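Trainee: Next comes the sequence, and after it the predicted model I'd like to discuss.
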Amino acid sequence: TLCAQRLPLLRAQTPQNNTPTTRLPARGEFTITTAYIMTMKRDYGDLTGGSIHVRNGEIVAVGQGLSGGDTIDGSGMIVMPGLVETHWHMWNTIFRSFAGDKQEDGYFPTVARFGQQMTPDDIFQSTRLSAAEAINSGMTFVHSWCHNVRSTAHAEADIRALAGAGIRARHSCGWPQGLPDTQMADQTPI
């Protein structure tokens, strides 16, 4: 799709405000020790007082008494695989308190009404907020179902927010909110 083909180009561009793209910190090497580890693997089960050795973002060992790199005391903590969010309209996170109790003020009319007004920067800010909330909640992967792609810039803003947050993500393009079926989104050339 258009969005997937353009993703590598977006990482090299600067944001709309012309400031350099912020780089994520180096991943390094560390070991979480003495934690309750939920492996989610039938053959391993859970480990009490276990350790996880991580190098450059990859788990290299799980077991007892491991070491390597910086040590993080996991006493009293639970370590488990990250959660996966498979369907989230991250672009409309800023609307979460907008819907009212009446049918005409419900989710769908509200999203259609306010979605028409969203700029690419609005999409970027909302998706960035969602990504931060996801990371804070223990999610390591999200599917941003962006069903308000009004232009190429709107899609790029959603992808840029996900890439900048450093969370693993999938972006899906969707139809623009509030447009009649006979009207097309902005067909900005690539």
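Mentor: Alright, I've got the coordinates.
Trainee: Which helix runs longest in this structure?
Mentor: Counting residues, the longest helix found in the chain (DSSP state H) is helix 120-136.
Trainee: If you count contacts, what does that one end up packed against?
Mentor: Helices and strands touching helix 120-136, by 3 or more Cβ pairs under 8 Å, 6 or more residues apart in numbering; DSSP states H and E, are strand 83-88, strand 139-146, helix 152-165. Yep, even glycine has a C-beta here, placed from its N, CA and C like the rest.
Trainee: What lies in contact with it?
Mentor: 15-16, 85, 88, 90-94, 118, 142, 144, 146, 148, 151, 153-154, 156-158, 160-162, 164-167, 169 (Cβ atoms under 8 Å, 6 or more residues apart in numbering).
Trainee: what angle do it and strand 139-146 make?
Mentor: In terms of direction (axes from the mean of the first three to the mean of the last three Cα atoms, to 10 degrees), helix 120-136 departs from strand 139-146 by 150 degrees.
Trainee: burial count for M118?
Mentor: M118 sits with 23 neighbouring residues when counted by other Cβ atoms under 10 Å.
Trainee: SS state for it?
Mentor: Three-state call for M118 (DSSP: H, G, I helix; E, B strand; the rest coil): coil.
Trainee: The closest residue to it other than its chain neighbours in helix, strand or coil?
Mentor: Leaving aside its chain neighbours, M118 sits nearest to N148 (6.1 Å; criterion: Cβ to Cβ, 6 or more residues apart in numbering). Put simply, N148 is coil when judged by three-state DSSP.
Trainee: before we move on, the earlier item: type out the PyMOL command that picks the buried ones from the contacts of helix 120-136.
Mentor: Selection of the buried residues among these in PyMOL, burial being defined by 16 or more other Cβ atoms under 10 Å:
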select buried, resi 85+88+90+91+92+93+94+118+142+144+146+148+151+153+154+156+157+158+160+161+162+164+165+167+169
